[in-house]
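Asker: I would like the atomic coordinates for the input below:
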Amino acid sequence: MSTSLEVQSEDPFENALDGFSRTIEHDLATRQLTFPTFLDLTIRIKRVCDDPQSSLDDIIRVIRADPLLSARIIRLANSVALNPYGKSFTAIADAVRRVGLVNVRSLAFAVATEQLAAEARSADARLIASGLWMHTIDVASWAYAITRHLRAGDPDTALFAAMLGSIGQFYLLARASAHPELETDLNRLGEFIGLWHEPVGRALLAALDVPQSVIAVLDDGDPYGGQWPPMELRDIHFIAGLSAETPNPFLRFSSTTQRGLLEAATQQLPEDEFTTLRDDARESRNGLLAALRG
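Answerer: Have a look, this model is predicted:
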């Protein structure tokens, strides 16, 4: 028996990781990443909502392809916040009119990442995926609040970019579920995901024809330009990530370092304004979570 075979038999995790790595390398080289249908559907929903030529019927036709999203939109339309008079909405067309296209887009991204988080097999992996999902919602809420408060661009686009900022991590977690051995050592799997999530995320978003300005939020090598107020999406995303109260399970620096980076990035912002931003971000996050979970 060869040495390589002995190593493989003694370390099933390393054997599985090697095979998984080759698979991801091949996917990237051939640009044939296989992403879940519901993620593709989410991007199509975004496109049709953004197209000024789209009719309500066009939008409804795409939304109906995802029963889960349809149910969540109806739930949101019937929520106390949007339906104070208690009128019951059961038709998706009426619910979309009540909710509005901005909320439809936001909800579509949240549902897609929630489904990606559920792809993991083991309880521990699902816990990590759930934490990543909560972090993503948190960052997206901050990105929306920062952009709206500072008038630094379109808040909906900022939320869109932030919802997709963790897509590479979600994708790798979902694909790893096909290799059960990888879930026996989630710390080592996390190191692998931390190494590969940026190129995988970029490839996914490019395959989905996402604008380059949104793909730029994945630039780990140069994440912040230092301009205040932040005007670039990547700068807004960077500050939102530091501001999020829910940690990213794949984050490689300490909470102390995170606070220091946030203070340095926001030093030109008065404390009372930052408090207002925090309140806005929590309101946005709670609204998304209420729509998703009732």
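
Asker: list the contacts of Gln169.
Answerer: Residues in contact with Gln169 (Cβ atoms under 8 Å, 6 or more residues apart in numbering) are Leu132, Ile193, His197, Gly201, Phe250. Yep, even glycine has a C-beta here, placed from its N, CA and C like the rest.

Asker: of those, closest to Phe170?
Answerer: Nearest to Phe170, judged by Cβ to Cβ, of these is Leu132 at 6.7 Å.

Asker: so what's the residue count around the closest one?
Answerer: 23 (other Cβ atoms under 10 Å).

Asker: just the buried residues of whichever strand or helix holds it, please?
Answerer: Using DSSP states H and E, Leu132 sits in helix 123-150. Applying a neighbour-count criterion of 16 or more other Cβ atoms under 10 Å, one finds 125-126, 128-129, 131-150 buried in helix 123-150.

Asker: check stretch 275-285 too.
Answerer: Quick answer for stretch 275-285 (16+ other Cβ under 10 Å): Leu277, Asp280, Ala281, Ser284, Arg285.

Asker: can you redo the contacts of Gln169 as CSV with pLDDT, secondary structure and distance to Asp50?
Answerer: CSV is the format used below for the contacts of Gln169 (pLDDT from 0 to 100; DSSP: H, G, I helix; E, B strand; the rest coil; distance: Cβ to Cβ, whole Å):
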residue, pLDDT, secondary structure, distance to Asp50
Leu132, 89, helix, 27
Ile193, 92, helix, 31
His197, 91, helix, 26
Gly201, 89, helix, 21
Phe250, 84, coil, 30
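
Asker: let's have those in CSV, adding distance to Asp11.
Answerer: What follows is those, written out as CSV (distance: Cβ to Cβ, whole Å):
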residue, distance to Asp11
Leu132, 26
Ile193, 19
His197, 24
Gly201, 28
Phe250, 23
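
Asker: next one: phi and psi at Ala162?
Answerer: phi -70, psi -40 (degrees, to the nearest 10).

Asker: my read: it touches Ala140, true?
Answerer: Yes - between Ala162 and Ala140 a contact is recorded at 3.9 Å, counting by Cβ atoms under 8 Å.

Asker: looking at the contacts of Gln169, which is nearest Ala65?
Answerer: Gly201 (24.2 Å).

Asker: residue contacts, the closest one?
Answerer: Counted by Cβ under 8 Å, 6+ apart, Gly201 has contacts Leu164, Gly165, Ser166, Ile167, Gly168, Gln169, Tyr171, Leu218.

Asker: what sits closest to it if chain neighbours are left out?
Answerer: Gly168 (2.9 Å; Cβ to Cβ, 6 or more residues apart in numbering).

Asker: could you give the average pLDDT over the helix or strand in which that neighbour is found?
Answerer: For Gly168, the enclosing helix or strand under DSSP H and E is helix 167-176. In this model, helix 167-176 has an average pLDDT of 86.

Asker: one more: stretch 280-289?
Answerer: 79.

Asker: for stretch 104-121, same thing?
Answerer: In the prediction, stretch 104-121 has an average pLDDT of 78.

Asker: can you give me how far it is from the chain middle?
Answerer: Its chain's C-alpha centre and that of stretch 104-121 lie 8 Å apart, by Cα atoms, centre = their mean, to the nearest Å.

Asker: buried stuff in it?
Answerer: For stretch 104-121, by 16+ other Cβ under 10 Å, it's 104-117, 119-120.

Asker: and stretch 21-34, by the same measure?
Answerer: Ile24, Asp27, Leu33.

Asker: and the last one, what element?
Answerer: Here Leu33 is covered by no helix or strand, with elements defined by DSSP H and E.

Asker: if I pick it, what's in contact with it?
Answerer: Per Cβ under 8 Å, 6+ apart, neighbours of Leu33: Asp27, Tyr171, Val200, Ala203, Leu204, Ala207.

Asker: now do it against Arg121, distance only.
Answerer: As judged by Cβ to Cβ, to the nearest Å, Leu33 and Arg121 stand 20 Å apart.

Asker: which one of the contacts of Gly201 is nearest to Asp156?
Answerer: Out of these, the member with the shortest distance to Asp156 (by Cβ to Cβ) is Leu164, at 13.0 Å.

Asker: the closest one and Pro211 touch, don't they?
Answerer: No - with contact taken as Cβ under 8 Å, Leu164 and Pro211 are classed as non-touching, separated by 10.8 Å.

Asker: so which of the two has more stuff around it?
Answerer: Leu164 (29 against 12).

Asker: enumerate every residue touching that one.
Answerer: Taking Cβ under 8 Å, 6+ apart as the test, what Leu164 contacts is Phe109, Gly201, Leu205, Val210, Val214, Val217.
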